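Engineer: The amino acid sequence is not available; the structure is as follows:
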């Protein structure tokens, strides 16, 4: 079974940066596409970014394009989300998830999920 563990969340001021990491099992890291989602209080979980299992393609939600960067660290076996120019509306619990198919932006298309990490952006 896939295991995903997020880390790196915290409290940051608007305009600041945070880097999230998603540690994956070897099997998951080498064969699944990894996505980041977020869920703010009272809102549905939404797609943020994704990276193909081989790092060959990336996908971003319009709301984060140009501010967030998703990447894979082969040595650490992590998928990282660098978040810059943060806004209060980026406040949410951030989840990483694994999907077999590429191009997945819907929650139900992802097979495995981490426990989430809180990111709070103060104004």
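Structural biologist: Arrived safely, thanks for sending. Fair warning: this is a prediction, and the values are worked out from it, not measured in the lab. Numbering: from 1, shown residues only.

Engineer: residues of stretch 34-49 that come out buried?
Structural biologist: Of the residues in stretch 34-49, 34-38, 45, 47-49 count as buried by neighbour count, 16 or more other C-beta atoms under 10 Å. No exception for glycine: its C-beta is placed from N, CA and C like everyone else's.

Engineer: Need the contact partners of the helix or strand of the chain with the lowest mean pLDDT.
Structural biologist: Within the chain, no helix or strand scores below helix 26-31, which has a mean of 91 by mean pLDDT, DSSP states H and E. The contact list for helix 26-31, computed with C-beta atoms under 8 Å, 6 or more residues apart in numbering, reads 2-4, 34, 53, 72, 77, 79, 98, 112.

Engineer: gap between that helix and the chain center?
Structural biologist: Offset of helix 26-31 from its chain centre (C-alpha atoms, centre = their mean, to the nearest Å): 16 Å.

Engineer: Figure out the length between the terminal residues of stretch 62-69.
Structural biologist: By C-alpha to C-alpha, to the nearest Å, the extent of stretch 62-69 from end to end equals 12 Å.

Engineer: now it: how far from the chain's centre is it?
Structural biologist: Relative to the chain's own centre, stretch 62-69 is displaced by 12 Å; criterion: C-alpha atoms, centre = their mean.

Engineer: This structure: strands as residue ranges?
Structural biologist: For the chain, applying DSSP state E gives strands covering 4-7, 10-13, 18-24, 33-39, 46-51, 58-60, 68-73, 78-83, 92-99, 112-113, 117-122.

Engineer: how about these in CSV, adding mean pLDDT and distance to residue 106?
Structural biologist: Formatted as CSV, the strands of the chain follow (pLDDT from 0 to 100; distance: least, C-beta to C-beta, whole Å):
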stretch, mean pLDDT, distance to residue 106
strand 4-7, 96, 18
strand 10-13, 97, 28
strand 18-24, 97, 19
strand 33-39, 97, 10
strand 46-51, 98, 7
strand 58-60, 98, 12
strand 68-73, 97, 18
strand 78-83, 98, 19
strand 92-99, 97, 9
strand 112-113, 96, 13
strand 117-122, 98, 21
